Every structure is written in C-alpha cells, then in structure tokens.
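Participant: Quick one, what's the 3D model for this:
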Amino acid sequence: MVGKKTTRTKGKGQTEAQETHETQDGLTDTPEGPGPDARFVNCFAIGGGFLDYCVKQGWLIRRRHGKSTRYYVTEVGRSALADFGITKY
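Facilitator: Next comes the predicted model:
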C-alpha cells in the first residue's frame with residue numbers, strides 16, 4: 001500500500017507492540033472510558049498529596065534545599081511503599 005507505514009518494535013508487529021506497552025506496567029485504559037460525571041485529574045496534585053501523606057506516616061523524610069525539595073525513604077517506608085507496588089525509587 002502506498003503511503004502506509006507499518007511500525008515494528010523489536011521484531012513485534014504494531015498490534016503486539018501496543019499490547020506489550022499497555023500491559024507492561026499492568027495498567028490499561030478502561031475500555032468504557034470516563035463516565036458522564038468524570039473530571040480531568042491533575043496527576044501532580046495527586047502525587048503531591050501522596051508525598052505529604054507518606055511524610056505524615058513516617059515513610060518519607062522531606063528535606064528542603066533552597067527552591068528544591070528532596071524526599072528520602074525510611075526503613076518503615078520501604079515496606080509500606082512496597083504494599084503499593086512502589087519498589088524503585
């Protein structure tokens with residue numbers, strides 16, 4: 001076919017590569033999509049809220065350096081975050 005490209009990823013066809021991408025992290029889009037009352041979510045606000053929660057639980061230590069902030073995981077936090085599937089920092 002003229003003008004049509006077939007994408008290949010490491011020897012996989014386009015459909016297989018897409019399926020691998022969708023299932024690689026275990027997350028996929030829900031087939032039905034968002035409901036009528038669904039609202040767009042700011043993922044940074046959720047992430048920031050989760051960081052605050054982790055600090056309050058004693059799972060993370062927050063250190064501010066000027067305008068930047070760094071978080072350090074505690075020993076208790078390693079175990080607790082693993083329950084959420086968070087094992088890479």
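Participant: From now on I want contacts and neighbour counts done on CA atoms only, so please keep to that.
Facilitator: Will do.
Participant: which one is V55 nearest to, not counting chain neighbours?
Facilitator: Leaving aside its sequence neighbours, V55 sits nearest to I61 (CA to CA, 6 or more residues apart in numbering; 5.9 Å).
Participant: Let me see the mean pLDDT of the host helix or strand of that neighbour.
Facilitator: Taking DSSP states H and E as the criterion, I61 maps to strand 60-65. The average pLDDT within strand 60-65 is 96.
Participant: Using PDB, list the CA coordinates for it.
Facilitator: C-alpha atoms of strand 60-65 as PDB (Å, rounded to 0.1, in the frame of the first residue of the first chain):
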ATOM      1  CA  LEU A  60       9.400   9.500  53.800                       C
ATOM      2  CA  ILE A  61      11.700  12.300  55.100                       C
ATOM      3  CA  ARG A  62      11.300  15.700  53.400                       C
ATOM      4  CA  ARG A  63      14.400  17.900  53.100                       C
ATOM      5  CA  ARG A  64      14.200  21.300  51.500                       C
ATOM      6  CA  HIS A  65      17.200  22.800  49.800                       C
END
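Participant: contact partners of it?
Facilitator: With contact meaning CA atoms under 8 Å, 6 or more residues apart in numbering, strand 60-65 is reached by L51, C54, V55, T69, R70, Y71, Y72, V73, T74, G77.
Participant: tell me what the very next helix or strand once past it is packed against?
Facilitator: Where DSSP H and E defines the elements, the next helix or strand beyond strand 60-65 is strand 68-73. Applying 3 or more CA pairs under 8 Å, 6 or more residues apart in numbering; DSSP states H and E, one finds that strand 68-73 contacts strand 60-65.
Participant: Helices of the protein, residue ranges please.
Facilitator: Secondary structure of the chain by DSSP state H: the helices cover 14-24, 43-57, 75-82.
Participant: how close does R39 get to G33?
Facilitator: Here R39 is placed at a distance of 12 Å from G33 (CA to CA, to the nearest Å).
Participant: ok, back up a step: and the residue nearest to V55, how many residues sit next to it?
Facilitator: The tally of other residues near I61 (other CA atoms under 10 Å) stands at 17.
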